[in-house]
Every structure is written in structure tokens, then in C-alpha cells.
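Asker: Below are the sequence and a predicted model; questions follow.
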Amino acid sequence: MHPITSRKHATSRFSHHVSAALATMLLPIAAQANDASPPALDDAASTPVSKVEVVGQLGNDFKAERASSPKYTEKLVDTAQSVQVIKKELIEQQGALTLTEALRNTPGVGAFFLGENGNTNTGDAIFMRGFDTSGSIFVDGVRDIGSVSRDVFNLEQIDVVKGPAGTDNGRGAPTGSVNLVSKKAGMEDAISGSATVGSASQKRVTLDANKVLNAQQGIALRLNAVAQDAGRPARDVVKDKRWAIAPSLGFGLNGPTRLHLDYLHVDQDNIPDGGVPTVGLPGYTSPDRSRPFISDALPVDPQNFYGSNGDYDKVKADMATVRVEHDFVPGFKLHNITRYGRTSQDYLLSAFMGSSANLATPNPGDPSSWTLARGTRTVKDQQNRILTNQSALTSQFDTGSLRHTLVTGLELTNERQITYGLTGLGLLPAANLYRPDSAAPVAGLAPSRTGAYNQGTIDTQSLYAFDTIKFGERWIFNGGLRVDHFSGDYTVVALTNNVLVPTHFTVGDTLVNGKVSALFKPTANSSIYAMAASSKLPPGSSFTVSGNANSAQNPIYDPQETVTTEIGGKLDLFKQKLALNAALFRTEVKNEVEQDPVDLKYYQTGKKRVQGVELGATGELARNWLVSAGYLYMDTRVAAGKTITAGGENHLTYTPKSSFTLWTSYDLPFGLKLGGGARYSDRLLRGTDGAIGTPAYTDSYWVFDAMAAWQVNRNLDIRLNVYNLGDERYVAAINKSGYRYTPGTPRAASLTANLRF
């Protein structure tokens, strides 16, 4: 542990670092403020809410003007919070296919955590600003459920909201949320499609077709679809195979009442990835003191697959949505969404733990004889369902010299989950450490249900109100309040000595969260702001609840509470085509439930702190030159309770101190577009569960990508993407004990033909 004096000096250096960075970003704003005329009224205030917005009128392929949620009524430059919008055009340039890949455009956000023990995270396991954000992923403002690797084929944009989202979305991660904005039918005939081939036998086709069925009545149909069969360049055997279809039917799209009927079906048939052993990585030492020679072992080939060809991850997801917007009178608008969603996952993975007991070295001088036990087979047989109705009413009015934009809402949600117990998992023989055989026969029967299950139902009723108040031409104040009442009903049926033993319990709580901000506009296209917001996450509010008294998920504990404060500045340049932003933030989380390493009991004594600076630039630097860039520095600490990182360093797990992302492209005059990007991630500290010898951290890394696209004619362009130009070997994610890691993608390429009519 560092002495207190060192901590003080570190805090001083941090303050100097971030203050200088923020000052650099705000100097242009101050310079313009001295001689600027009073800004004109914001578009949102001067234009009635009933008008149909022309999205991207002042933006470009990278820069968005607004977030999609009706709770955010102002332009991004006038929104007193860090909100990043990742548009589909940027995603397409990069050849990103999944949500995890698209989120590389926001610094410090990624799938850094592989899982615990033999379990491997499936779907989009996202960390943001030091905390797991996987449970705070939304689609069109509705919580998305299930362990799904989300494809981007049906996305218009991705809104990344940073800071506690308790006032926006209710219970959730303490450091933010991710909202996926679906494509929907519009009043324009257009057909586009793409075909991609690439490394690891990648094959993928997409379709996006929109047809106006009745222009007078505003009826249109849109159909998006994807089919993919691909391996992974970094891994043998692992497979990503899926198909999906998403029709959208719109009515009254050019009138005051607009109705969308949307449906999404996703079918995945994957071979999951359990990672590779960390043997030989920097920081690795022998897990057995009697065998010190293991410390000198060479790393394994990162393409090795240690599971079985019979492993599978089968996911089926269906989502039916009804969206209604109605303009009553100018300045008075209703937004309503009703959704039923269902996701099922059938999963089997032959995993391993590279502990001393599982690592055999019959001939110490011949590593080719070393073997790794693969006795752990993890399974999931789970179904999730959600039914929700959300209504938001936006109204504009004046009280004296104050101009209000008030958003009030009611949300009613029912969530259900059932997980079945399985037996007959079988056993795999030990694998050669350096030459594993995924075709080895599995001893045992096919998995079957035992009759045991965990079933839960959560009902939530929510009320909220946001009031944006404009005072004069330069000040914007915002206040929001949300009340959530949830109740959970759980049944656990355990199989004990061949007897099914049921347990039933209920949970419930009422949560109140708030957000306040003040924003000053030195010029029409700049702002300086301060914001404070709260978030709460009680045990029992998600399906990880446990009736076990000695569990971190026992509902007897108080809610985890978060408060975030943020000050920052935003500036739109070059006729509002380039957006710059800078923010200083501090997040404090208390009531963390922790396990004492001595008595192994749980205590609610934990307190964590994340503070940092974030800088960003998005949009057009010059004619035909686009850029999206971000830098994030985080200073994290366990302020009270147990230090949870390996190696004794007081820093949050799976949280890079510094991270950077850049993508830029330029259109040449003869139909050629060139682009490229860079990503940097500082080292990650893993968690600790008593593992011996495994690396306490992963090394930092740089990765560089490139793109070239040629416009053959008005209907066809061809794009080449090359990833990891330097063929950098790096650790993309590591599990809690440090026995396993996910290798980063090596040098790879894809070639895409895009057709548009």
C-alpha cells in the first residue's frame, strides 16, 4: 500500500494534469466570449416541438446534433453531461459488426473482463469508467435483456451516456448507460446491401430496403436483415454464426400522429471462446513453489482452442415494438413505446482453470508433455422476458422570463427470468498445454434438465420529470427527479440428495434519484457547465439476487449509492461541423458489499471513487476530412473497504488509467476514400480470488487500423479494412483469477462491396 503522503502527491499531480487539459479545451470558448454577440435562441426553444426534426441537418457522417432520447431536449453542445453519439456511418467505415466493436470509438469502454473461475462472459460484457455496465444496455430507451452479442446491422446510432443514469433509466450501473437506436421506416425509397469476405473465413451479407407504400398517408415499410458465418482471426474453432431480420412499418409519418410497428428476430449458433492460459505472459510465475521451472515456460499459441468442437452458444431473441408519437399542439408532444421481448440462451463451454492442481508436468524438461485439465464444463439454459410501456410528454411554456421544456414520464415494466439446472455435462480429457485437441471425445451424456431452476419476476413502476429552464440568452438550467418502485418475486428449486427443495422469497424497494445542472453559453455554439447526479442499485433489483445469507446479492443490504459531479465545456466549430468537448468528473460509490478474506463473510463497507478527465473531438476538420477522437484519464481508488485488485495496488479492476481512440478519413477527388485509426489502452489490473502465480495485470498496447474505399459508380463502392497493422499481440480481456485471457485480434482484413439504389 502507498503511504498517505504518496496519495496526496498523486492527487495533486492528477489535479494539475486535468486542470491543464480542461483549460486547453476551454480557451477557444473564452476567446470567442469576449467579442461575441448574444447567441440566438436555441433551435429547440424557437421551433415548436411538433415539427418533424431533420436529423443531421447541421451534422455530418460523424457528428450528431442530438441524443435520441426524448429526455434530452437540447443539442449536444447545450447538454450538461458527457454524451457521445456514435453514428452508423462511422461504424460502417470501420467495418465494425458488433456493439463491442463499435464502442471502441469511446475511450475507456470495452469488454475487459472475461469472467470468474471457469465461467466465461457471453454477450456484450461492457465496462465503463471502472464498473460493469452490461446490465445498462438499452434499445430505444428500453432495457435489453439476455446475454446477446448485439449486431449493428439494425442500428442508426449508439448513444453513450456517461455518469450515473439513475434519473434517466432507473436502477443501473453507477457510471453510465448505452442506448442503441434502431432503424425505422422513413419517407424515402432506398435499397442498400453489402457483402463481406475476410480473414477466418468471414462471410456476411446485409440488406437495408425502405419503400414508401402511400406517400399521401405517410405509410412506409423498411426491412433490415443480416446473415453471417465467420470464425475469429485470433482463435481456432471459435465461430460467430447468426442471422437476423428486422422489419419496420410506419403510418402517418408525414402527419401529427406517427406510428411505427417494429419487429426484430435474432438467431445465433456460435462456438464460444473460453480463452487461453496465461502461462508465459508478463508477470506470470509458477503457481506451485515446488515447480519453479513453470515460471520460465513459453506462452501458448494465442490461437489455441482449449474447449471442445461440441461446445455451443445458441441464442434466439425476439422483440416486438409499437412506437407512437403525437403532436397535440405546437410545443406539446407525446412519445409512447410498448415492447415485448424474449431471449433464450442454451450454452455449453468446456472451460479450464490453470491452477497448480490442473497443470501437470510429467517431464519438467519437456514442456511438450505438459497437460491442462479440462474438467470444468459451464452451462446456461436461460430464458428472459420483458414487457414494458413507457410514456413521455414534452411540453414547452413560459413563466415570466423563463422558458421551460418539461418532460414528464411514466414507465411500467415487467421482467421475468428462469434458469434451469442441468446434468450430464460430461468430461473432456486433459489437453496438451501447447497442442490442445478440440476433437477429443467427451465422456458422458448430453446435458439434460434436472428439475432444479431459479425463477424471478421483477415489476417496476417509474415516474420522472425533467425541466430545462432557459433564462435569457446565455443560461440553461436543468433539474430532474425520478422515483422507481420495484418488487421482486423469486423461487429457487434446488436438487439436494435427489430431492427438489423449493425456496421462495420476495424483495422490494422505492428508489429516488435526481440530477441538476447549470450551463452558461459564452457564444451561440459553446457552453460551460456543471452537473451533479445520483444513481442507486439495490440487491434484488436484478436476477443475480440470492437468498443465501452469505452472499453479496442478498436483498438485506442497502442499495449501492452513486453520486457523480462533472464540470466541462463544449464547442462547435467550422459552422457547427466539428464538436469539441472536455469534462472533469468524479464518481463516488458507497454501500459496496465486500467479502472479508479472513472470515469469508460479507460486509457493506465498500466505497469506491473514480475521477478523471475526458476530451473528445467529432466531426469535420476540413472539407472532406472527418475525425472522431477521444482521450480518457482515470484515477480510481478503493476509498474504504478491501482493495480488490491483485498485487496490492489500490486501483479498480479492468480499468485502464489512460485510453485513447482515433478514427479519421479523407475523401480524395477521384472517388477514393482513405481512413485509419489508432487505439491505446493502458494496462489492466485483474481481480483477486486467491490465485497464485497468475499475472496481476495486463500490459498496455497500441493497435492501428486502416481503410480504403473506392466509389466505382453511384451505385457501388468497395471497401478494404485492415486491422491491427502492426500485428500487435495483446490481452483484450482477462478473467478474475488470471488463469485465462482473451487474445486481441491479430492482423486481419475484410473486403466489402456496398450497393445502393
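Answerer: Alright, I've got the coordinates. Residues are numbered from 1 along each chain as shown.
Asker: So which residues of the stretch 151-300 of the chain form strands?
Answerer: Taking DSSP state E, counting those that start in this stretch to define them, one finds strands in the stretch 151-300 of the chain at 155-162, 176-182, 190-198, 202-214, 219-232, 235-251, 257-270, 276-277.
Asker: Tabulate the ones you listed (JSON lines), appending distance to Ile386, mean neighbour count and mean pLDDT.
Answerer: All C-beta spots, glycine's among them, are computed from the backbone N, C-alpha and C. As requested, the strands of the stretch 151-300 of the chain are exported to JSON lines (distance: least, CB to CB, whole Å; neighbours: other CB atoms under 10 Å; pLDDT from 0 to 100):
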{"stretch": "strand 155-162", "distance to Ile386": "19", "mean neighbour count": "22", "mean pLDDT": "96"}
{"stretch": "strand 176-182", "distance to Ile386": "15", "mean neighbour count": "25", "mean pLDDT": "94"}
{"stretch": "strand 190-198", "distance to Ile386": "31", "mean neighbour count": "16", "mean pLDDT": "97"}
{"stretch": "strand 202-214", "distance to Ile386": "26", "mean neighbour count": "17", "mean pLDDT": "98"}
{"stretch": "strand 219-232", "distance to Ile386": "21", "mean neighbour count": "19", "mean pLDDT": "97"}
{"stretch": "strand 235-251", "distance to Ile386": "17", "mean neighbour count": "20", "mean pLDDT": "96"}
{"stretch": "strand 257-270", "distance to Ile386": "13", "mean neighbour count": "18", "mean pLDDT": "97"}
{"stretch": "strand 276-277", "distance to Ile386": "35", "mean neighbour count": "26", "mean pLDDT": "94"}
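Asker: Export the ones you listed to a markdown table and append columns for distance to Ala125.
Answerer: Below are those laid out as a markdown table (distance: least, CB to CB, whole Å):
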| stretch | distance to Ala125 |
| --- | --- |
| strand 155-162 | 16 |
| strand 176-182 | 12 |
| strand 190-198 | 24 |
| strand 202-214 | 22 |
| strand 219-232 | 16 |
| strand 235-251 | 15 |
| strand 257-270 | 15 |
| strand 276-277 | 17 |
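Asker: So which of those is nearest Leu615?
Answerer: Comparison of the strands of the stretch 151-300 of the chain against Leu615 by CB to CB identifies strand 155-162 as nearest, at 12.8 Å.
Asker: So which elements touch the closest one?
Answerer: strand 83-87, helix 88-94, helix 99-102, strand 176-182 (3 or more CB pairs under 8 Å, 6 or more residues apart in numbering; DSSP states H and E).
Asker: which other helices and strands contact the third one?
Answerer: It stands for helix 99-102. helix 88-94, strand 155-162.
Asker: Now with 7 Å, please.
Answerer: Using 3 or more CB pairs under 7 Å, 6 or more residues apart in numbering; DSSP states H and E as the contact test, no helix or strand touches helix 99-102.
Asker: Who does whichever helix or strand comes after that helix pair with, and is each partner parallel or antiparallel?
Answerer: The helix or strand immediately downstream of helix 99-102 is strand 109-110, counting by DSSP states H and E. If you go by DSSP bridges, strand 109-110 pairs up with strand 127-128 (antiparallel).
Asker: Can you tell me what sits against the partner strand?
Answerer: 109-110, 112-113, 133, 173, 175-176, 654-655 (CB atoms under 7 Å, 6 or more residues apart in numbering).
Asker: can you do 6 Å?
Answerer: 109, 112, 175-176, 654 (CB atoms under 6 Å, 6 or more residues apart in numbering).
Asker: Could you tell me the average pLDDT over that strand, please?
Answerer: Averaged over strand 127-128, pLDDT sits at 90.
Asker: and what of stretch 300-309?
Answerer: 94.
Asker: residues contacting the spatially most central residue of the chain?
Answerer: Centroid check for the chain by CA atoms, centre = their mean gives Ile126 as the closest residue, at 4.4 Å. By CB under 6 Å, 6+ apart, the contact set of Ile126 is 133-134.
Asker: try 8 Å this time
Answerer: 99-100, 103, 109-111, 132-134, 137, 178 (CB atoms under 8 Å, 6 or more residues apart in numbering).
Asker: ditto for Pro282
Answerer: 695, 699.
Asker: How about the backbone phi and psi for it?
Answerer: When read as degrees, to the nearest 10, the backbone of Pro282 gives phi -60, psi 130.
Asker: and the gap between it and Gly274?
Answerer: 22 Å (CB to CB, to the nearest Å).
Asker: Please apply the same query to Gln157.
Answerer: From Gln157 over to Gly274 (counting by CB to CB), the distance is 33 Å.
Asker: thinking again about what came up before, from the contacts of strand 127-128, which has minimum pLDDT?
Answerer: Among those, Phe112 has the weakest pLDDT, 85.
Asker: Quick check: nearest residue in space to that residue, chain neighbours excluded?
Answerer: Tyr654 (4.0 Å; CB to CB, 6 or more residues apart in numbering).
Asker: contacting residues around that neighbour?
Answerer: Tyr654 neighbours (CB under 8 Å, 6+ apart): 112-113, 127, 130, 684-687, 733-734.
Asker: out of those residues, which are inside strands?
Answerer: 127, 684-685, 733-734 (DSSP state E).
Asker: Take the helices and strands packed on strand 155-162 and write them to JSON lines, including distance to Thr423.
Answerer: Putting those into JSON lines (distance: least, CB to CB, whole Å) gives the following:
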{"stretch": "strand 83-87", "distance to Thr423": "43"}
{"stretch": "helix 88-94", "distance to Thr423": "42"}
{"stretch": "helix 99-102", "distance to Thr423": "32"}
{"stretch": "strand 176-182", "distance to Thr423": "36"}
